[in-house]
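In: mind folding the following:
(one chain, ligands or ions: 2)
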Amino acid sequence: MALIKLSKVSRIYDGSSVPVKALSGINLSVNRGEFTSIVGPSGSGKTTLLNIIGGLDTPSSGTVFIEGTDISSFSAGKLVEFRLRHIGFVFQAYNLIPVFTARENIEFIMLLQGRPEAERRARAIELLKAVGLARRSESRPAELSGGEQQRVAVARALASKPSFILADEPTANLDTKTASSLLDIMEELNSKSGTTFIFSTHDPRVIARAGRVITLQDGKIIHPAKRKK
Ligand code: ADP
Ligand code: MG
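Out: Numbers count the residues shown, from 1 in each chain. Ligands and ions are numbered 1, 2, ... in the order given. Next up is the predicted model:
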């Protein structure tokens, strides 16, 4: 069974007088263990697509199956619950909670999941180690560099043991060297632990690292899936 399966997904933003067709007729299947990149120019629909896969938004038409469950008709409340259990998010702007330390940012997700304190603590430390930040566990986001904050965000995304991680232009605010080391960490998590990643980007150097590239243009997939593995 595919981990993620989208069938004829369209999304029209009709809030303003001129409706915007952000996605049209998207068919897409992603398997467990993929390291997939969604690419395309600004405005091509990358964020909309990731939001729909992640249950942050719902399609105007079409269906979204995650591990065999159709989430496209879920209520808002049911989606919150589903996201918390199944999906890890990494955003372009890191989105860490400023008053929390790196460790607390990671523990917070597990707190929402109702995990016991000792387990939360141990897993947060283990994840900080995995992203090379064991020594910065008690630092707040403002005390960390952009690259370090994004590594905390990756660790946080992993905290809930999600089925997959969605990352929307995770390297957009990072310099080339820092972007490359973030990709190293994501790649290692993918190959060693089998974590499925789907990340959007328009950086050619990041695209080159993907196992599979899906190209969007004007809300449609224009490039047939290229698979390295
Ligand atoms: P990308 O992430 O590739 O830059 P987006 O998914 O953000 O693309 O946007 C796709 C299209 O949908 C663009 O034309 C954008 O202007 C439009 N769009 C995105 N979000 C909204 C919104 N909330 N309301 C109206 N239009 C939107
Ligand atoms: Mg975007």
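
In: can I assume residue 200 sits in a strand?
Out: Yes. Using DSSP: H, G, I helix; E, B strand; the rest coil, the secondary structure at residue 200 is a strand.

In: bridged to it, which residues?
Out: Beta-bridge partners for residue 200, by DSSP bridges, are residue 38, residue 168.

In: okay, now the unreliable bits of the chain?
Out: Confidence mapping of the chain against pLDDT under 70 gives the ranges 224-229.

In: once you drop chain neighbours, what's closest to the closest residue to ligand 2 within the chain?
Out: Nearest residue of the chain to ligand 2 (CB to the ion) works out as residue 47 at 3.2 Å. The way it works is simple: take the backbone N, C-alpha and C, and place the C-beta from them, glycine included. With sequence-adjacent residues excluded and distances taken as CB to CB, 6 or more residues apart in numbering, residue 47 is closest to residue 168, at 5.6 Å.

In: for the residue nearest to residue 41 when sequence neighbours are not counted, give its distance to residue 168.
Out: Using CB to CB, 6+ apart and skipping the chain neighbours, the partner closest in space to residue 41 is residue 202 (6.5 Å). Residue 202 sits 12 Å away from residue 168, going by CB to CB, to the nearest Å.

In: ok, residue 39 next?
Out: 12 Å.

In: give the residues shared as contacts by these two.
Out: With contacts taken as CB atoms under 8 Å, 6 or more residues apart in numbering, residue 39 and residue 168 have 46, 200 as neighbours in common.

In: pretty sure residue 24 is touching residue 44, no?
Out: No. The pair residue 24 / residue 44 is not scored as a contact, 11.7 Å apart, by CB atoms under 8 Å.

In: looking at these two, which is more packed in?
Out: residue 44 (22 against 18; other CB atoms under 10 Å).

In: sec struct for the more buried one, please.
Out: Taking three-state DSSP, the label given to residue 44 is coil.

In: list the contacts of it.
Out: Applying CB under 8 Å, 6+ apart as the definition, the contact partners of residue 44 turn out to be 216-219.

In: which of these count as buried?
Out: 216, 219 (16 or more other CB atoms under 10 Å).

In: tell me which of the contacts of residue 44 is nearest to residue 12?
Out: residue 219 (9.5 Å; CB to CB).

In: correct me, but that closest one touches residue 12?
Out: No. Under the contact definition of CB under 8 Å, residue 219 does not touch residue 12, with a separation of 9.5 Å.

In: tell me the contacts of residue 98?
Out: With contacts defined as CB under 8 Å, 6+ apart, residue 98 is in contact with 140-142.

In: with secondary structure as added columns, please give those in JSON lines.
Out: Listed next are the contacts of residue 98 as JSON lines, based on three-state DSSP:
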{"residue": "140", "secondary structure": "coil"}
{"residue": "141", "secondary structure": "helix"}
{"residue": "142", "secondary structure": "helix"}
